[in-house]
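Participant: Quick one, structure for this:
(one chain, ligands or ions: 2)
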Amino acid sequence: MNVATKETLGFQAEVKQLLQLMIHSLYSNKEIFLRELISNASDAADKLRFEGIAHPDWYGDDPDLKIKVEIDKAARIVAISDNGIGMSREEVINNLGTIARSGTKEFFSKLSGDQQKDAALIGQFGVGFYSAFIVADRIVVETRRAGFPASDGVRWESDGSGEFTIETIDRPQRGTSIKLHLREGEDDFLNSYKLKSIIRKYSDHISLPIQMCKEEWDDDKKEQVIKDELENINQTSALWTRNKSEITEEQYDEFYKHLSHDYERPLCYSLNRVEGRSEFTQLLFVPSRAPFDLWDRNKRGGIKLYVKRIFIMDDAEKLMPMYLRFVTGVIDSVDLPLNVSREILQESRDIKVIRESSTKRVLSMLEELANSEDEIKKGKYRTFWTQFGQVIKEGVGEDQANQERILKLLRFASTHTDSAEQTVSLAEYVSRMKEGQDKIYYVTGESFNAAKNSPHLEIFRKKGVEVLLLSDRVDEWMLSFITEFDGKQLASVAKGGLDLGSLSDESEKKEHEETQKQFQDLVERMKKTLENKAKDVRVTFRLTDSPACLIADENELSGNLLRMLKAAGQNAPDMKPILEINPEHPLLSKLKNDDQNFDDWTNLLFDQALLAEGGQLNDPASFVRRMNQLLLN
Ligand code: ADP
Ligand code: MG
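Facilitator: Numbers count the residues shown, from 1 in each chain. Ligands and ions are numbered 1, 2, ... in the order given. Purely as a prediction, here's the structure:
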């Protein structure tokens, strides 16, 4: 290929937007550009180590991978170079002209224009290479891909305003060099002490040497002079290979930020060496905030796989179950072959062992937070649940082997707290159960308010029996996998007959039987009227304020679930609900004594009950007509 011509190309619209945003919102944290560029250089070395397994000749006479940071005070340039994989012309255009990361669209759609909010978001997105424009008004990248001839070097140049140029150059050495022409006022970054301290702060965990020239005081010149001799700035051992006692909190934090592109500290982490049939190291982090692409089906997994310190792949989704997809970290295996492919991973027994062990590790970390008496840890668990609770709920169905542990991690909104925040555990619920109560009661609704105000709750509120309020999309699905907790069945208050067990006393029961007899005729007439709408009509004692409610039969799908299925475009079975009426309600007396409008009253009661549980009327116009008719009477 010979494309020696110089081309001028425009940045993708998103890049322009990102550059604008970054320069204006990250000015208080400019130094992160160095972390981003060093992180890219380190990734490039990882890629060469991996591809180099099949192409040892790519190393040529330059086998020791390293990163160099150089300062040219006179020209006001900071340069970061690596001898990693490098980039082809095409790769440069793609990588340094667009943002190809998954979830980019969602990210941009979430920007509000409010600088402070957007600054927080951009941190989550990870700014990468483009962050160099915070401190530089001109950037020159020279690179050559490993294995390509010297004549296939590439120079990329841009002032970050909208366009870049690209041309083919001669470049004897492989890898990438990035020259930053500093903006006016950024001369701080020409100070090698400052650069060294930034590198140690953010990049100490990088496993290859980061080198800078030594600097010495020259007594004659009365200034610091840069010498020819190089020194290593970082510790050069991968963080997870060090002894726990030698790793500081800050180093964990920085390593996490390097892995995840997150700007916030992780919520918790865990480093372990596992020996036995399978030997590996796992370093796992739970973020303190959900990534913006948590619900993106194509989201990359957060676990990097290494084999004997050699990077093999990101996004090793086989290493963590789906419901723990927010966990980031590193697995370094001793047993896997270096040429392991995704196909091999599917089958591998070692991978299965690693996955099981990592799953248990994460659950233990979460249990430690969840069960702690320590206020800080408790607070962390609340944060965790707010951010990731819905994802953990997927685990109830996905990971039956660990179901018992997962059930204990669940938190719910409940009539006990009456707050939308989910804080009540099943164990806590059980500990508060009324004397004679043998079930864990819940109600599902489309929103917290729909659940909280459900007419089905009336009798439970009256008797002071706690009911869990479920309104996450995943709840109905999750419930289908739970049979019991701590020997107690879970029971929907909107399903089946109302059996409060020994919660209702004998005299109450007698009274109820009496009332039922009195309403027998009425119920039969209503059944006729509602033939096409309701499976059955019966008297209930679960209501105190509402005249009627709908109930699903014991073994049928609840109204809420049917609506969700329909909304998702699925074939929902046609199931008729049961109408239950409140004999104490004055509307029922009206119904008894108004023969002329009997049908209208009956239909109105049914439609009201459907609306109250968040359902949609089949024939809204008739509902309105009936209501107006009755209002005028
Ligand atoms: P990310 O690192 O998250 O992919 P960046 O914006 O930091 O995003 O980098 C974009 C891409 O540019 C990288 O994925 C990589 O392919 C390429 N790249 C950046 N720096 C280098 C480098 N020093 N060597 C090789 N490729 C690089
Ligand atoms: Mg990067």
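
Participant: Quick one: list the elements packing against the lengthiest helix in the chain.
Facilitator: Assignment by DSSP state H gives helix 375-398 as the longest helix of the chain. Using 3 or more CB pairs under 8 Å, 6 or more residues apart in numbering; DSSP states H and E, the elements in contact with helix 375-398 are helix 349-370, helix 403-409, helix 475-479. In this view, the C-beta of every residue, glycine as well, is placed from N, C-alpha and C.

Participant: What residue in this protein comes nearest to ligand 1?
Facilitator: Ligand 1 sits closest to Gly128 of the chain, with a gap of 2.4 Å, by CB to the nearest ligand atom.

Participant: Report the secondary structure state of Phe129.
Facilitator: helix (DSSP: H, G, I helix; E, B strand; the rest coil).

Participant: ditto for the one 3 residues further on
Facilitator: Classification of Ala132 by three-state DSSP places it in helix.

Participant: Give me the residues contacting the longest helix of the chain.
Facilitator: Residues outside helix 375-398 that contact it (CB atoms under 8 Å, 6 or more residues apart in numbering) are 267-268, 286-290, 294, 321-326, 366, 368-370, 372, 402-403, 406-407, 409-411, 421-423, 472-475, 477-478, 480-482.

Participant: Check the residues you listed for burial and list the buried ones.
Facilitator: 267-268, 286-290, 294, 321, 323-326, 366, 369-370, 402-403, 406-407, 409-411, 422-423, 472, 474-475, 478, 482 (16 or more other CB atoms under 10 Å).

Participant: Can you give me the distance of the residue nearest to Leu369 when sequence neighbours are not counted to Glu404?
Facilitator: Spatial nearest neighbour of Leu369, chain neighbours left out: Tyr381 (4.1 Å); criterion: CB to CB, 6 or more residues apart in numbering. Here Tyr381 is placed at a distance of 18 Å from Glu404 (CB to CB, to the nearest Å).

Participant: which regions of the protein sit below the pLDDT cut-off?
Facilitator: Regions of the chain meeting the criterion pLDDT under 70 cover residues 1-4, 26-27, 102-103, 115-116, 119-127, 297-298, 300, 315-316, 497-504.

Participant: residues in it within reach of ligand 2, list them.
Facilitator: Proximity of the chain to ligand 2 (CB under 5 Å from the ion) is limited to residues 40, 128.

Participant: Ligand 1 contacts on the chain?
Facilitator: Residues of the chain lying close to ligand 1 (CB under 6 Å from any ligand atom) are 36, 40-41, 43-44, 82, 84-87, 95, 126, 128-129, 176.

Participant: quick one: which of those sit in strands?
Facilitator: 82, 176 (DSSP state E).

Participant: of the residues of the chain next to ligand 1, buried ones?
Facilitator: For the residues of the chain next to ligand 1, buried by 16+ other CB under 10 Å: 36, 40-41, 43-44, 82, 84-87, 95, 126, 128-129, 176.

Participant: sorry, back to before: neighbour count winner among Tyr381 and Glu404?
Facilitator: Just comparing Tyr381 and Glu404: by other CB atoms under 10 Å the higher neighbour count belongs to Tyr381, 21 against 10.

Participant: Name the residue most distant from the centre of the protein?
Facilitator: The centre of the chain is farthest from one residue, Asp220, which by CA atoms, centre = their mean lies 58.8 Å away.

Participant: backbone phi and psi for it, please?
Facilitator: Backbone torsions of Asp220, given as degrees, to the nearest 10, read phi -70, psi -50.

Participant: which of the residues in stretch 284-303 are buried?
Facilitator: For stretch 284-303, a neighbour-count test (16+ other CB under 10 Å) marks 284-294, 299-303 as buried.

Participant: before we move on, the earlier item: most widely separated two among the buried ones among the residues of the chain next to ligand 1?
Facilitator: Gly86 and Gly126 (21.9 Å; CB to CB).

Participant: picking that back up, which residue lies closest in space to the residue of the chain closest to ligand 1, excluding its sequence neighbours?
Facilitator: Nearest non-adjacent residue to Gly128, counting by CB to CB, 6+ apart: Glu36, 5.5 Å away.

Participant: quick one: contacts for the one you found?
Facilitator: 127-129, 131-132.

Participant: Sort out for me which of the buried ones among the residues of the chain next to ligand 1 are in helices.
Facilitator: Counting by DSSP H, those place 36, 40-41, 43-44, 95 in helices.

Participant: Among the residues you listed, which one lies nearest to ligand 2?
Facilitator: Taking CB to the ion as the measure, ligand 2 lies nearest Asn40 of those, at 4.3 Å.

Participant: which residues does the closest residue to Gln516 other than its chain neighbours bridge with?
Facilitator: The shortest distance from Gln516 to any non-neighbouring residue, by CB to CB, 6+ apart, is to Val539 (5.1 Å). Note on Val539: beta-bridge partners by DSSP bridges are Ile581.

Participant: So Val539 sits against Ile581, correct?
Facilitator: Yes: because the distance of 6.0 Å satisfies CB atoms under 8 Å, Val539 is recorded as touching Ile581.

Participant: More neighbours: these two, which one.
Facilitator: Neighbour count, other CB under 10 Å: between Val539 and Ile581, Ile581 has more, with 26 against 18.

Participant: Could you pull up the contacting residues of the more buried one?
Facilitator: Going by CB under 8 Å, 6+ apart, the list of residues near Ile581 reads 519, 523, 526, 537-540, 547-548, 588, 605.

Participant: what about 10 Å?
Facilitator: With contact set as CB atoms under 10 Å, 6 or more residues apart in numbering, Ile581 has these partners: 519, 522-523, 526, 537-540, 543, 546-549, 587-588, 591, 602, 605-606, 609.

Participant: export the helices and strands packed on helix 375-398 to JSON lines and tack on distance to Ala568?
Facilitator: Below are the helices and strands packed on helix 375-398 laid out as JSON lines (distance: least, CB to CB, whole Å):
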{"stretch": "helix 349-370", "distance to Ala568": "28"}
{"stretch": "helix 403-409", "distance to Ala568": "24"}
{"stretch": "helix 475-479", "distance to Ala568": "11"}
